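Peer 1: Here's a sequence, model it:
(one chain, ligands or ions: 1)
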Amino acid sequence: MIENVVEFFRNLPPKKCTECGETLSEQHECYGTECEKCAAIK
Ligand SMILES: [Zn+2]
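Peer 2: Below you'll find the predicted structure:
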């Protein structure tokens, strides 16, 4: 069971910006669901 959970998180798709669809790194998590550029526009 534990291995399945690890596999689940490993296979999660990377977060994408809801505005432009650009893949977000985990460093951008504080910007919510938008990339740095789109977050700066608003
Ligand atoms: Zn964006």
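
Peer 1: which parts of the chain sit against the ion?
Peer 2: For the chain, the residues in contact with the ion (C-beta under 5 Å from the ion) are 17, 19, 20, 22, 35, 38. For every residue, glycine as well, the C-beta is placed using N, CA and C.

Peer 1: in this structure, which residue is closest to the centre?
Peer 2: Most central in the chain under C-alpha atoms, centre = their mean is residue 15, positioned 2.2 Å from the mean C-alpha point.

Peer 1: OK, contacts around the residue nearest to it when sequence neighbours are not counted?
Peer 2: Spatial nearest neighbour of residue 15, excluding adjacent residues (C-beta to C-beta, 6 or more residues apart in numbering): residue 24 at 4.3 Å. Residues near residue 24 by C-beta atoms under 8 Å, 6 or more residues apart in numbering: 14, 15, 16, 17, 31, 33, 35.
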